[in-house]
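Chemist: Sequence and predicted structure are below.
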Amino acid sequence: MASLQPVPLSPRAKEYFNTVFKPKYQQLQEAVKQTPLAILVWGPGASAGDLYQKRLQIRDELRRRGHAALFSEELESSSPESLSQKGIEFLQAQAADFIVVMQASYGSVAEVHDFAEHRVINFKMLIFIDERATDGYSYRGALAELKTLYNNVETYKYPDDITQCHLLTKVLEKVNVLQMVKYRATENARSWGLIPDKPEIAA
């Protein structure tokens, strides 16, 4: 029977691990962490009190981590006056990498319902909905379908999940996955010459 003890690295292999593999591996991990995302944070306005504060917390933590996290209302100055609000939000959503949606009422569920049919947008969403609003038509229709297709609809219990960090934790978990996906896509595109190589950083 073979020994269960691992064979140790030879001195040469250990040196190669410490001087080449390990630094490269750490560098790549940092590159993934530094991959920025454009993130829209949709939800209730300032009159919603603690729900708005949660929305602010999510946006600001994403910014602290180097992402372009924005409310749609912060983009008003760069939005065309010729389009409807729905048209403007559609273009913003199409341009974004990720959309966090905090739903708190039957009416706000209906807003997401407008975008649920658009495949260029619906998979980008992470939708939080108050568990008290899950018996309406929009949730049982469009949102239930999104949950089945993309597992991107989460219910929350008010006020417990708002006063704690449950929503923010789920957002950050999703963002970590998306950073890796975007990093891989960028590296693949670079290997095919579709985007230029990163410039060398001067010592």
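Modeler: Cool, the structure landed.
Chemist: Tell me which other helices or strands the top helix by length along the chain touches.
Modeler: In the chain, with assignment by DSSP state H, the single longest helix is helix 166-191. If contacts are counted by 3 or more C-beta pairs under 8 Å, 6 or more residues apart in numbering; DSSP states H and E, helix 166-191 sits against helix 22-33, helix 50-64, strand 98-103, strand 125-130, strand 153-156. C-beta: built from backbone N, CA, C; applies to glycine.
Chemist: Also compute the angle for it relative to strand 125-130, please.
Modeler: 170 degrees (axes from the mean of the first three to the mean of the last three C-alpha atoms, to 10 degrees).
Chemist: in helix 166-191, what counts as buried?
Modeler: Under the neighbour-count criterion of 16 or more other C-beta atoms under 10 Å, helix 166-191 has 166-167, 170-171, 174-175, 178-179, 182-183 buried.
Chemist: just curious, which of the residues you listed is nearest to Glu89?
Modeler: Each of these was scored against Glu89 by C-beta to C-beta, and Val171 proved nearest at 19.4 Å.
Chemist: The closest one against Val100, yeah?
Modeler: Yes. Under the criterion of C-beta atoms under 8 Å, Val171 lies in contact with Val100, with a separation of 5.6 Å.
Chemist: which residues do the two both contact?
Modeler: 58, 126 (C-beta atoms under 8 Å, 6 or more residues apart in numbering).
Chemist: For Ala38, see how far away the most centrally placed residue in the chain is.
Modeler: Residue closest to the average C-alpha location in the chain (C-alpha atoms, centre = their mean): Val175, at 3.8 Å. Computed with C-beta to C-beta, to the nearest Å, the distance linking Val175 and Ala38 is 12 Å.
Chemist: same deal with His67?
Modeler: 8 Å.
Chemist: higher neighbour count, these two?
Modeler: His67 (20 against 14; other C-beta atoms under 10 Å).
Chemist: The more buried one and Ile39 touch, don't they?
Modeler: Yes. With contacts counted by C-beta under 8 Å, His67 reaches Ile39, the gap being 5.4 Å.
Chemist: intersection of neighbour lists for those two?
Modeler: Val175.
Chemist: got a pLDDT number for the residue nearest to the centre of the chain?
Modeler: Listed pLDDT for Val175 reads 97.
Chemist: Now do the contacts for it.
Modeler: Contacts for Val175 (C-beta under 8 Å, 6+ apart) come out as 37, 39, 62, 65, 67, 98.
Chemist: Show me which of the residues you listed is closest to Asp50.
Modeler: Checking these against Asp50 by C-beta to C-beta gives Leu62 as the nearest, at 18.9 Å.
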